[in-house]
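>>> I'd like to go over a predicted model; first the sequence, then the structure.
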Amino acid sequence: MKKVDVLTVRVDSEMGEALRALALADERSVAWIARRLITEALETRKSLQSQDNKPHGTAKS
């Protein structure tokens, strides 16, 4: 899926550190981690349909 919208968010230092730690552990960018977490939250709230019907893990394949 093409990514065309840009969102800018401010987070507290604790959340920023958590995002960077997840990104580092999974060898992903912070943007990738944030996008995945937003996708999971929207799918859980039924505000977004699952894009691939596959379980969403953050582990890099």
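In hand now; what should we look at?
>>> In this protein, where is pLDDT below threshold?
Within the chain, the ranges that satisfy pLDDT under 70 run 51-61.
>>> Please, where are all the helices along it?
Secondary structure of the chain by DSSP state H: the helices cover 13-26, 30-44.
>>> Please identify the most buried of those helices.
Per residue and on average, the most neighbours among those fall to helix 30-44, with a mean of 14 (mean count of other Cβ atoms under 10 Å). For glycine as for every other residue, the C-beta is placed from the backbone atoms N, C-alpha and C.
>>> any idea of the angle that helix forms with helix 13-26?
Regarding helix 30-44 and helix 13-26, their directions subtend 100 degrees when assessed with axes from the mean of the first three to the mean of the last three Cα atoms, to 10 degrees.
>>> Now do helix 30-44: distance to the chain's middle.
In terms of Cα atoms, centre = their mean, to the nearest Å, the gap separating the centre of helix 30-44 from the centre of its chain is 3 Å.
>>> just stretch 33-52 next, same as before
Per Cα atoms, centre = their mean, the centroid offset for stretch 33-52 relative to its chain is 8 Å.
>>> Roughly how far does residue 23 sit from residue 31?
Between residue 23 and residue 31 the distance is 9 Å, computed by Cβ to Cβ, to the nearest Å.
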